[in-house]
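In: requesting a structural model of the entry that follows:
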Amino acid sequence: MLKSKTFVKKTRAGGVMKIVREHYLRDDIWCGSEACRECKQESTVLQAEACIESNLCPYPHYVVPDTNVVLHQIDVLEDPVIRNVIILQTVLQEVRHRSAPVYKRLKDMIQAKEKLGNIKQTNTKTTAKSNMEILFFYYFVTRETYIEREQGESANDRNDRAIRVAVKWYSQHLKADGLKVVLLTDDQGNKEKAEESIDEYVKNLTANPELVDRLALSKDDKAEIISSKVLFPEHLPLSKIQSGIKSGTFLQGTFKASRDNYLEATVFVQGEGEESTEVLIQGLQNLNRAVHQDVVAVQLLPRNQWVLPSSVVLQDDGAAKDDDVDGDEEEKALRISAAEAAGKPTGKIVGIIKRNWRPFCGMLNVSQIKESTRHLFTPADRRIPRIRIETRQASTLVGQRIMVAIDGWPKNSRYPNGHFVRSLGSAGEKGTEEAVLLLEHDVPHQAFSQNVLSFLPKMPWGITPEDMIKRQDLRHLTVCSVDPPGCTDIDDALHCRELENGNLEVGVHIADVSHFIRPGNALDKEAANRGTTVYLCGKRIDMVPELLSSNLCSLRSNVERLAFSCIWEMNHNAEILKTQFTKSVINSKASLTYAEAQMRIDDTNKKDDITESLRGLNKLAKILKRKRIENGALTLSSLEVRFHIDSETHDPIDLQTKELMETNSMVEEFMLLANISVAQKIYDEFPDCALLRKHPAPPPSNYDILLKAAKSKNVEIHTDSAKALADSLDVAKVDGFSYFNTLLRILATRCMMQAVYFCSGMDSDFHHYGLASPIYTHFTSPIRRYADIIVHRLLAVAIGADITYPDLMDKHKQSALCNNLNYRHKMSQYAQRASVAFHTQLFFKSRGILNEEGFVLFVRKNAIIVLIPKFGLEGTVFFDSKDKAGPSLVFDEEGPTLKVEQTTFHIFDKVKVTISLDDSNIQHQKIRMALTEPVIPGVSVAAPDVEPQAKKPKVDR
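Out: I've put the predicted structure just below:
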């Protein structure tokens, strides 16, 4: 049966277009219930015995949530207790338009396990997740459930009516089988015709009372827990905000809360090009219920009310503050500190354009009132406000890491209201803290779905004659890989050999991941979303499934692997005479660690092909590095640490800074050269859609701390260009202070901007400041970086080894992809740092108090930040205390110096400090340092008599 609708639409050019929409209605679509005797079903997902212990619905039944229930109660629907759920097509479509995160969670629930084969043929999709039964019903194409919009009826009313019609059809269809269908809704119009609201349904599940905690608060619930006093100004409606932004009265920007002061934030307003304005927000009322990462509308205050950021540290901790009590004391301290000087643009939040709320990890602060069900939740991220939730499980959740979602923030409530989502485990446990770390840094870490895994090659896998088409056979070459110890995802391998004409042939061979991951399939989309592999201490979160990352794509020794090769002909001065790009097949002759490769190079008795290849590569790499540095490339420094892990307990038993060898630099030089060569090739072929990587030059103000630090030791640093900086760093020396140059390079690294991916058609500045290269990209790590996969595809098209596809040539889509890759890369770095910090805490937990030598890296008003080279560790030595009167402190910002009593601290001063773990706050444990040398009476502490020695268990390096 065919239903059609015709209407006309005005085009941009001013013409009129006739549009005909057709619905093909079917009567052969099954209901998906095991109990149904009427439908001819290929597969079922809804149980015949659909019983759940309930006072409200004690009979067998299926549930149909409407759109609002899915949007606001997704946490409840995800719980395995809620079974036999029917998701209607209109609900899925409405959710898709209204909330991308909820839509993704709903799709994940539906697509967890495909149970029907041919969707096109049946137009019905039934799927299940674990022990949940979920059916997706295409009622739009079913004759009995299709309805048209009536004259004068809104789209929303039509959708509500459509849901009721579908529920009615299901109820009648299954009536003879003894099953009922319950419509779950919070809509008043629907509620009158529904069995019950979602709240009542969940509250009457007798066997699962804990599920009530996962309910998002309804309007009635919110009214109960707010005071009558208005604490915040009303948010302006979106229409007024839009007109205000258009007229210039308001500015739109991203709200960034302060970690150190809960009464202060900054709004980043994007300007023309890459310029942005920062607007300071101070005080509870001016912050006006905005949460970190929200998109907000801000109004600038008059210039006479502009202030500078406060130097006061204010944490919103301790007992809950009453909604009826003003925070006058803290606001006053804030104003006194800020009033020291004025000048930064300051404003107030007048409205919220887009909320960026997510479930937050943290811990419960149990109410002091006995039998109370209302408690405060303290997020792990200090930038997120505390959240008021209602739970009957408080005694169970004490000491647990939990997740909580915000439901709303009324103008008469000091805190936002939210609901419990789930428990992650006991605080302090390794598995729990790792889960928190991944969730808080938005690292996709769930197991790969069956849909994704279905696109992997079938095992056993082998190279076929079809694979050899447009591919060179390089299996005869002496290729080897050089990587860190324990590396299983080997992206790259190298070779070097002398040619008959006396020149050298050098090859960089990169895993051909794009051969296995084809554009647009589920595996490709998952890799694009993950963006990067995340390396934590002792754990790796793969971007692609392990079959690829550690096996079929990994260039292991003595197995045949597909590769993408960049081969140069060079003379002995490392000058490139010819460059060739080709898809290839290789057979690596050795998988070496950096140390093993170095030993081969240094052992004069070794004359085998692998060793000779390595020596040739190393000789050329030294020349390439010298040339790069002469051109102005920076050699910076940052201390990286390596943990030695107990193979039984998996706890860290030793902590050392990583040592870099010549072979590290050797591999790096050829990876850089390959990336530059490929960047130029893809840009020449595709000037509008090449995926490149740039490193912006830092603004001059970034170098202030470096210049001051160098000046304090009478050393001059020039920052006019990268070359001037590199040359200055090369000659920066202080007699008797061998570590000075390393400290200076560490400080210079902190001055740098973040390197970013971009699309060549959307930008004009390609320069890579740190490498002093006019163009750069990432080609050499496609197993762990999605950017490299795109670059491989571009290069393959450029040399005629593969075909293109629309998204690859769309600069706007490439640019959007780059934004996600930059975000994922940044969050990956933060997650790795957090993992190192957590394992450092574990390491010091069993060590008692250690006394170590360090250097002052930064000077603050009331503290010095000390670097411990032995552990690659930074910590803060505070000189003031809340509990007792502090010493005399004089801070000179010009130095910068800090005079503590009669002792003055400068940047790079040598000190000795005790190091211990402060676990008084289980959620925010930290390394505590105290000064032992120089000795300052009343300030420094005595050094521990004997440093405790940890036992030496089995080591897994």
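In: show me where the stretch 851-957 of the chain has strands.
Out: For the stretch 851-957 of the chain, the strands defined by DSSP state E, counting those that start in this stretch cover 863-868, 873-878, 889-892, 897-900, 903-906, 910-918, 926-933, 955-956.
In: among those, which comes closest to residue 156?
Out: strand 926-933 (50.7 Å; CB to CB). From N, CA and C alone the C-beta is placed, and that goes for glycine too.
In: what sits up against that closest one?
Out: 840-841, 844, 851, 866, 873, 875-877, 911-918, 939-943 (CB atoms under 8 Å, 6 or more residues apart in numbering).
In: are any of those buried, and which?
Out: Burial by neighbour count, judged by 16 or more other CB atoms under 10 Å, picks out 840-841, 844, 851, 866, 873, 875, 877, 911-917, 939-940, 943 from these.
In: out of the strands of the stretch 851-957 of the chain, which comes closest to residue 161?
Out: strand 926-933 (57.5 Å).
In: what's the average pLDDT for the longest helix seen in the chain?
Out: As assigned by DSSP state H, the longest helix anywhere in the chain is helix 811-845. Helix 811-845 shows a mean pLDDT of 91.
In: would you mark the buried spots in that helix?
Out: Those would be 814-815, 817-818, 821-822, 824-825, 827-828, 831-832, 834-844, for helix 811-845 by 16+ other CB under 10 Å.
In: what angle sits between that helix and strand 873-878?
Out: 70 degrees (axes from the mean of the first three to the mean of the last three CA atoms, to 10 degrees).
In: helix 811-845: how far from the chain's middle?
Out: Relative to its parent chain, helix 811-845 has a centroid offset of 6 Å by CA atoms, centre = their mean, to the nearest Å.
In: in the helix or strand residue 663 falls within, what's buried?
Out: Per DSSP states H and E: residue 663 is located in helix 662-685. Of the residues in helix 662-685, 663-667, 669-683 count as buried by neighbour count, 16+ other CB under 10 Å.
In: mind listing the helices for the stretch 351-500 of the chain?
Out: Assigned by DSSP state H, counting those that start in this stretch, the stretch 351-500 of the chain shows helices spanning 394-397, 430-440, 450-453.
In: oh, that last question was meant for the stretch 551-700 of the chain, not what I typed.
Out: 594-602, 609-630, 662-685.
In: kindly export stretch 666-679 (C-alpha atoms) in PDB.
Out: These are the backbone C-alpha positions of stretch 666-679, laid out as PDB (Å, rounded to 0.1, in the frame of the first residue of the first chain):
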ATOM      1  CA  MET A 666      67.700   7.200  14.900                       C
ATOM      2  CA  VAL A 667      64.100   6.000  14.600                       C
ATOM      3  CA  GLU A 668      62.700   9.500  15.300                       C
ATOM      4  CA  GLU A 669      64.800  11.100  12.500                       C
ATOM      5  CA  PHE A 670      63.500   8.700   9.800                       C
ATOM      6  CA  MET A 671      59.900   8.900  11.100                       C
ATOM      7  CA  LEU A 672      60.100  12.700  10.900                       C
ATOM      8  CA  LEU A 673      61.600  12.500   7.400                       C
ATOM      9  CA  ALA A 674      58.800  10.100   6.200                       C
ATOM     10  CA  ASN A 675      56.100  12.400   7.700                       C
ATOM     11  CA  ILE A 676      57.500  15.500   5.900                       C
ATOM     12  CA  SER A 677      57.900  13.700   2.600                       C
ATOM     13  CA  VAL A 678      54.300  12.300   2.700                       C
ATOM     14  CA  ALA A 679      52.900  15.700   3.800                       C
END
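In: quick one: contacts of that stretch?
Out: Looking at what lies outside stretch 666-679 - CB under 8 Å, 6+ apart - the contacts are 482, 492, 494, 506, 508, 510, 566, 568, 576, 579, 581, 594, 597, 614, 617-618, 620-621, 624-625, 628, 690, 692-693, 771, 773, 775-780, 791, 795.
In: so, low pLDDT: which residues of the stretch 651-800 of the chain?
Out: Within the stretch 651-800 of the chain, the segments meeting pLDDT under 70 span 651, 653-658.
In: recalculate using a threshold of 80.
Out: For the stretch 651-800 of the chain, the stretches flagged by pLDDT under 80 are 651-660.
In: circling back to that earlier point, out of the helices of the stretch 351-500 of the chain, deepest packed?
Out: When you average the neighbours per residue for each of the helices of the stretch 351-500 of the chain (mean count of other CB atoms under 10 Å), helix 430-440 leads with a mean of 19.
In: alpha carbons of that helix, in PDB - could you do that?
Out: Extracted as PDB, the C-alpha positions of helix 430-440 are listed here (Å, rounded to 0.1, in the frame of the first residue of the first chain):
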ATOM      1  CA  LYS A 430      43.500   0.200  41.200                       C
ATOM      2  CA  GLY A 431      40.600  -1.100  38.900                       C
ATOM      3  CA  THR A 432      38.200   1.500  40.300                       C
ATOM      4  CA  GLU A 433      40.600   4.500  39.900                       C
ATOM      5  CA  GLU A 434      41.500   3.300  36.400                       C
ATOM      6  CA  ALA A 435      37.800   3.300  35.500                       C
ATOM      7  CA  VAL A 436      37.400   6.800  36.900                       C
ATOM      8  CA  LEU A 437      40.400   8.000  35.000                       C
ATOM      9  CA  LEU A 438      39.100   6.800  31.700                       C
ATOM     10  CA  LEU A 439      35.500   8.100  32.300                       C
ATOM     11  CA  GLU A 440      36.700  11.500  33.400                       C
END
